[in-house]
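Enquirer: Here you go, sequence then predicted model.
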Amino acid sequence: MIELIILILLLIAIIVGLIIYVVLDFTKSQKHVKHHIVGGCVGTRWGCCPDGITPRMDPFGTNCMPKNEELLDNMFISQN
């Protein structure tokens, strides 16, 4: 009976030890992972809108919200 209890406690200790090892190994390996942002405004032809998130659809940012009146004025000046 005592041998069975010791065996069960030993198995529990081994399982807990394995779980701790796996968790620590996983967190250690996550520190070395570099996250590369794919896309974004850097990869677009016209860069970002002033919000820093939305990519511009043209050099004047006519799709950017809120509409920038100065950009629209520059668009009409450069076309003339």
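Expert: Cool, the structure landed.
Enquirer: what ranges do the helices span in this structure?
Expert: 2-30, 69-79 (DSSP state H).
Enquirer: which of those helices has the lowest average pLDDT?
Expert: Set side by side, the helices of the chain differ in mean pLDDT, and helix 69-79 is lowest with a mean of 55.
Enquirer: contacts for stretch 41-55?
Expert: Gly40, Arg56, Met57, Asp58, Pro59, Gly61, Asn63, Cys64, Met65, Asn68 (CB atoms under 8 Å, 6 or more residues apart in numbering). C-beta coordinates here come from the backbone N, C-alpha and C atoms, glycine included.
Enquirer: May I have that stretch as CSV, with CA atoms only?
Expert: C-alpha atoms of stretch 41-55 as CSV (Å, rounded to 0.1, in the frame of the first residue of the first chain):
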residue,chain,number,x,y,z
CYS,A,41,2.9,51.9,-44.9
VAL,A,42,6.6,51.4,-45.5
GLY,A,43,5.8,49.0,-48.3
THR,A,44,3.4,51.2,-50.1
ARG,A,45,4.1,53.6,-52.9
TRP,A,46,2.9,56.7,-51.2
GLY,A,47,3.5,56.0,-47.5
CYS,A,48,1.1,56.5,-44.6
CYS,A,49,-1.7,58.9,-43.9
PRO,A,50,-1.2,61.2,-40.9
ASP,A,51,-2.8,58.5,-38.6
GLY,A,52,0.3,56.4,-39.2
ILE,A,53,-1.8,53.3,-40.0
THR,A,54,-3.7,53.9,-43.2
PRO,A,55,-1.7,53.6,-46.4
